[in-house]
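Engineer: sequence plus predicted model, see below.
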Amino acid sequence: MAIQTPGRQRGITCETGHEDSSMKTDIAILRHTFGLIFSNPWQTLVVTAPGTFTFVAAFLLFGRLVFSDAAMQSSSFFSLALLLQFVATIFASILIAVMWHRYALLQGDDRALIMRPKPSAFGRYFFATIFIGLIVLPLYLAVGFIIGSTTTALLDPFAQGRLGAGIAIGLILTLLISWILIRIGLILPAIAINARLSMIDSWKATASVSFVLIRVILIIAVLNILLNMALVQFVWAMPMTGIAVQVLLSFFQILVTLSLLSTLYGYLVEKRELA
């Protein structure tokens with residue numbers, strides 16, 4: 001089955017070297033991000049099907065091994081089964097990511113190659129993700145330590161505002177790390193379509209929308225909070241169904257992140273117009 005184009009990108013064009021802080025840009029980025037997912041639900045299912053099938057198959061196969069009698073009797077067998085499930089899950093996630101970036105970005109005759117990425121793309125995507133994590137994790141710990149230590153020094157250990165301060169710290173850290181991840185993360189869609197882009201180039205490309213990204217991340221974060229609050233109530237009412245909904249919500253959150261990266265790559269690197 002042919003993969004259709006996710007929609008024409010018309011409207012707002014990025015101008016290199018100019019700081020873009022317009023709310024119109026926020027709306028256009030969010031509209032295009034969610035449009036990639038919802039404009040053609042069938043295509044969304046088709047593109048993510050290989051990765052989803054791999055994830056489900058790994059869970060059914062290796063998940064059973066993890067809780068089998070052999071695993072309970074042998075710690076080595078248990079560790080091996082757990083490792084295999086972890087590797088399969090990582091591969092399924094990368095498969096979904098690579099396919100989704102290609103679906104969002106490839107145009108013209110190249111769209112026939114959406115479901116046929118080069119095998120090297122998966123390895124490069126994996127190592128790029130690890131490298132980004134190695135950059136962000138120490139920064140997260142360092143900033144968290146500084147903010148946490150400052151808050152502890154200023155607030156009484158038994159003060160009522162301590163819980164609120166902790167929540168605020170968590171939100172600030174999440175916003176900061178998400179902002180950095182997006183700023184350097186455009187290398188991921190580049191890898192998926194066999195293009196070249198360094199982290200420095202990604203950082204420079206997103207400089208014109210640095211403040212826009214803060215608002216976009218905040219809007220998505222608020223949406224996630226509201227969805228998770230609704231999910232908590234749902235899980236209390238229907239525990240088994242709630243678990244399935246949690247999996248779907250996590251899948252949706254991953255697609256939103258991938259779509260945002262793809263949208264920004266097309267807009268900022270390839271200079272496409274936003275709907």
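Structural biologist: Perfect, I can see it now. Numbering: from 1, shown residues only.
Engineer: look at Ser262 and report its pLDDT.
Structural biologist: We have a pLDDT of 97 for Ser262.
Engineer: next: Trp236.
Structural biologist: Trp236 is given a pLDDT of 69.
Engineer: same question for Thr89.
Structural biologist: Thr89 is given a pLDDT of 89.
Engineer: my read: it touches Ala58, true?
Structural biologist: Yes - using CB atoms under 8 Å, Thr89 is in contact with Ala58, at 5.8 Å. No exception for glycine: its C-beta is placed from N, CA and C like everyone else's.
Engineer: have a look at those two and say which one is more surrounded.
Structural biologist: Per other CB atoms under 10 Å, whichever of Thr89 and Ala58 has more neighbours is Ala58, with 19 against 15.
Engineer: what's the closest non-adjacent residue to the more buried one?
Structural biologist: Distances taken as CB to CB, 6 or more residues apart in numbering place Ala88 nearest to Ala58, at 3.3 Å, with adjacent residues excluded.
Engineer: hang on, that neighbour is in a helix, isn't it?
Structural biologist: Yes - counting by DSSP: H, G, I helix; E, B strand; the rest coil, Ala88 is part of a helix.
Engineer: where does this protein have its least confident helix or strand?
Structural biologist: strand 12-13 (a mean of 60; mean pLDDT, DSSP states H and E).
Engineer: can you name the next helix or strand after that strand?
Structural biologist: Remark: after strand 12-13, the chain's next helix or strand is helix 23-38, criterion DSSP states H and E.
Engineer: so for that next one, mean pLDDT?
Structural biologist: 92.
Engineer: beyond it, next helix or strand please.
Structural biologist: Using DSSP H and E, the first helix or strand after helix 23-38 is helix 41-66.
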